[in-house]
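A.B. asks: Predicted model and sequence follow; I will ask about them next.
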Amino acid sequence: MECIVHFELVRNGKPSSLRGLVDVDKGSKPSVAQLVDMFRAMDLNVSVDNEDKYTFKPVSPSERYSIRVTKFDMGQEPDAPQDPHLRSIISNFMPKDPQL
């Protein structure tokens, strides 16, 4: 299953919202090692800064940036509130006879 990883890269005080892709087992989040590999594929050689907060820092001391994962998108739709008026309109177009 594909997981879109939303993260923020802060370089020179300027944040950039970026995304990456990781393959995971259904129902699980990417591991920290998978995230490090994803960043490495993006030419961002990082190590874990805080595993619980999903923050990363560059391995090279000459590099000056930080990364913070903000969201894991597993392709599931959030529970959207239902509009009772729309539901009423749609129910008028649905057949009432269970044989149909």
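C.D. replies: Looks like it arrived, so ask away.
A.B. asks: R87 falls within a strand, correct?
C.D. replies: No: read with DSSP: H, G, I helix; E, B strand; the rest coil, R87 is helix and lies in no strand.
A.B. asks: so how many other residues sit close to it?
C.D. replies: Under the neighbour criterion other CB atoms under 10 Å, R87 is assigned a count of 9. Placement of C-beta: from N, CA and C, glycine included.
A.B. asks: F56 too?
C.D. replies: Around F56 there are 24 residues (other CB under 10 Å).
A.B. asks: in what helix or strand does it lie?
C.D. replies: Remark: F56 resides in strand 55-58, with elements defined by DSSP states H and E.
A.B. asks: Give me the contact list for that strand.
C.D. replies: Strand 55-58 is contacted from outside by 35-36, 39, 44-49, 64-69, using CB atoms under 8 Å, 6 or more residues apart in numbering.
A.B. asks: which strand residues sit across from K14 in the sheet?
C.D. replies: Beta-bridge partners recorded for K14 (DSSP bridges): R11.
A.B. asks: Quickly run through the sheet partners of the strand holding F56, with directions.
C.D. replies: Pairing partners of strand 55-58, with direction, according to DSSP bridges: strand 46-50 (antiparallel), strand 65-73 (antiparallel).
A.B. asks: Could I get these in CSV, plus columns for mean neighbour count, distance to S28 and mean pLDDT?
C.D. replies: Converted to CSV, the strands paired with strand 55-58 look like this (neighbours: other CB atoms under 10 Å; distance: least, CB to CB, whole Å; pLDDT from 0 to 100):
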stretch, mean neighbour count, distance to S28, mean pLDDT
strand 46-50, 14, 18, 96
strand 65-73, 15, 10, 96
